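Chemist: No sequence on hand, only this structure:
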């Protein structure tokens, strides 16, 4: 009874703030943000400022690929602990995080050796790719550690603190690094960034282990297969996945072309910098931190409903800015502050939901998949927003973003009815149907993989044709052939990504049939509720 009472009181909030589990998870997020700021922001700026050809800089930005494809090696990290660290009893999560931090320290330090040699751009690119791979691996381990170690009443607070420190680290390794490089030179800056990983290693070493360590999958096959079947065996799993895609769609659409919108409305570089770089950053950090904290106090179910409605309604501010026509700085700052604040509130509740949905035995793989799925709407929102604005104008476009958020709320009602404080994600088994044979599951998986591959190819070709519509008309065949006959490293990586997408679709399809037909051998953790249908 005491634990139940804590979940709804400010005392639980204070206990969550004071927890070493919460603090360690939050502090480790600083280590996750550093390499992202370096690779995404600082290195392209550094290379271009050194006179490197813009085409070379563009190719080197492909070093970001490991963050997109990290789910491919997450099953390995779910199954195995680093052999060299077994005697230190760090476990799978902290062990892999420590290995990744050592690699990040070494690779970042290696950049100092080429800091004064702009002709060594490809060496910088190779080190950037190595940093991105180590960083993506660190993210897998730290996200899984957060799932494993945090108590339910600590998750909301931890989410807010994690995002705040993550964004702060991105600024340190990105914008701040560029500023200090102008005064001290890149060699000293990257040495300083490398040294920041040393206290992160100490935190990883001293971070508390999970109270109930989750058993690893029995084999690498189980580490790949069971995370899919395990999640899809949950009640209304497909509707939950659709919700993950739709919940922030209105917000993603409004956010996709925010900078071009302000340009078209006549706001200066200074106005945009203050609005998006300062006011926006503070508002999203405050919103995410507040959203996570309030989720602890009022409950996850209430938070998803309230913050979901607010983040849809907040787009009204952009309607007013578009309707104003003339430059109105107070209105613009107010609109951006409100929209970004509610964006952070929704993110705080949503990230807590992802933690709750993830099963501890497969936390590395499942959370990596959830986070990749969460990123898909951001990718498709840009092209959709661009053509919508061109067709109907800014004011009507922002009006149209409001109904775009309704499907997410309808899906939310399917598994979190209005008024539910804390949703329960239970596993259900259906023993009324005969389990499918391995051959039948394999056949369905192959068909799903082919369908996913064809869908991915056609979608990319369609978006490419749309992007060239005004200059070349709607030419679908040219981008389709460019995808099927890749030339250059960028096109090859795109094709590899499509095959990876197809493989995930195939695995997903087979897992859906396995979960629905009783092909279950999950070995659930103690916390799972397994109920017959």
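Modeler: Yes, it's here. Quantities reported herein were computed from a predicted structural model and do not represent experimental measurements. Numbers count the residues shown, from 1 in each chain.
Chemist: Now for the residue nearest in space to the middle of the chain, which secondary structure element holds it?
Modeler: Compute the mean C-alpha point of the chain, and by CA atoms, centre = their mean the closest residue is residue 371, 3.9 Å away. Using DSSP states H and E, residue 371 falls within helix 363-392.
Chemist: What mean pLDDT does that helix get?
Modeler: If you average the pLDDT over helix 363-392, you get 80.
Chemist: any idea how far the residue nearest to the centre of the chain is from residue 350?
Modeler: Noted for residue 371: a distance of 11 Å to residue 350, by CB to CB, to the nearest Å. (Each C-beta comes from the backbone N, C-alpha and C, glycine too.)
Chemist: again, but for residue 451
Modeler: Between residue 451 and residue 350 the computed distance is 28 Å (CB to CB).
Chemist: neighbour-wise, which of the two wins?
Modeler: residue 350 (24 against 14; other CB atoms under 10 Å).
Chemist: Enumerate every residue touching the residue lying closest to that one once chain neighbours are set aside.
Modeler: Excluding the flanking residues, the one nearest residue 350 by CB to CB, 6 or more residues apart in numbering is residue 247, at 6.1 Å. Residues counted as contacts of residue 247 (CB atoms under 8 Å, 6 or more residues apart in numbering) are 304, 308, 346, 350, 408, 411-412.
Chemist: please redo it, this time with the cut-off set to 10 Å
Modeler: 304, 307-308, 311-312, 346, 349-350, 353, 374, 377, 405, 407-409, 411-412 (CB atoms under 10 Å, 6 or more residues apart in numbering).
Chemist: Quick check: residue 187 touching residue 108?
Modeler: No. Using CB atoms under 10 Å, residue 187 makes no contact with residue 108, being 11.7 Å away.
Chemist: overlap in contacts of residue 371 and residue 350?
Modeler: residue 244.
Chemist: roughly how far apart are the residue nearest to the centre of the chain and residue 169?
Modeler: Counting by CB to CB, the gap from residue 371 to residue 169 is 17 Å.
Chemist: where along the stretch 51-200 of the chain do the helices fall?
Modeler: Taking DSSP state H, counting those that start in this stretch as the test, the helices found in the stretch 51-200 of the chain are 54-60, 65-68, 74-79, 91-112, 121-149, 152-171, 177-184, 186-195, 197-206.
Chemist: of all these, which lies closest to residue 435?
Modeler: In terms of CB to CB, the element of these nearest to residue 435 is helix 74-79, at 22.8 Å.
Chemist: I would like the residues contacting the closest one, please.
Modeler: By CB under 10 Å, 6+ apart, the list of residues contacting helix 74-79 reads 70, 92-93, 95-97, 99-100, 136-137, 139-141, 143-144, 214, 216-227, 361-369, 372.
Chemist: Let's see that with 8 Å instead.
Modeler: 92, 96, 137, 140-141, 144, 216-217, 219-220, 222-224, 227, 361-365, 368-369.
Chemist: just stretch 480-488 next, same as before
Modeler: Contacts of stretch 480-488 (CB under 8 Å, 6+ apart): 457-458, 460-461, 464, 491-492, 494-495, 498.
Chemist: Which of these fall within helices?
Modeler: Those of these mapping onto helices are 457-458, 460-461, 464, 491-492, 494-495, 498, per DSSP state H.
Chemist: And the buried ones among the residues you listed, selectable in PyMOL?
Modeler: Remark: buried members of the ones in helices among the contacts of stretch 480-488, expressed as a PyMOL selection using 16 or more other CB atoms under 10 Å:
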select buried, resi 457+460+461+464+494+495+498
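Chemist: and which of the ones in helices among the contacts of stretch 480-488 is nearest residue 260?
Modeler: residue 464 (19.8 Å).
Chemist: ok, that closest one touching residue 474?
Modeler: No. Taking CB atoms under 8 Å as the definition, residue 464 is not a contact partner of residue 474, at 10.8 Å.
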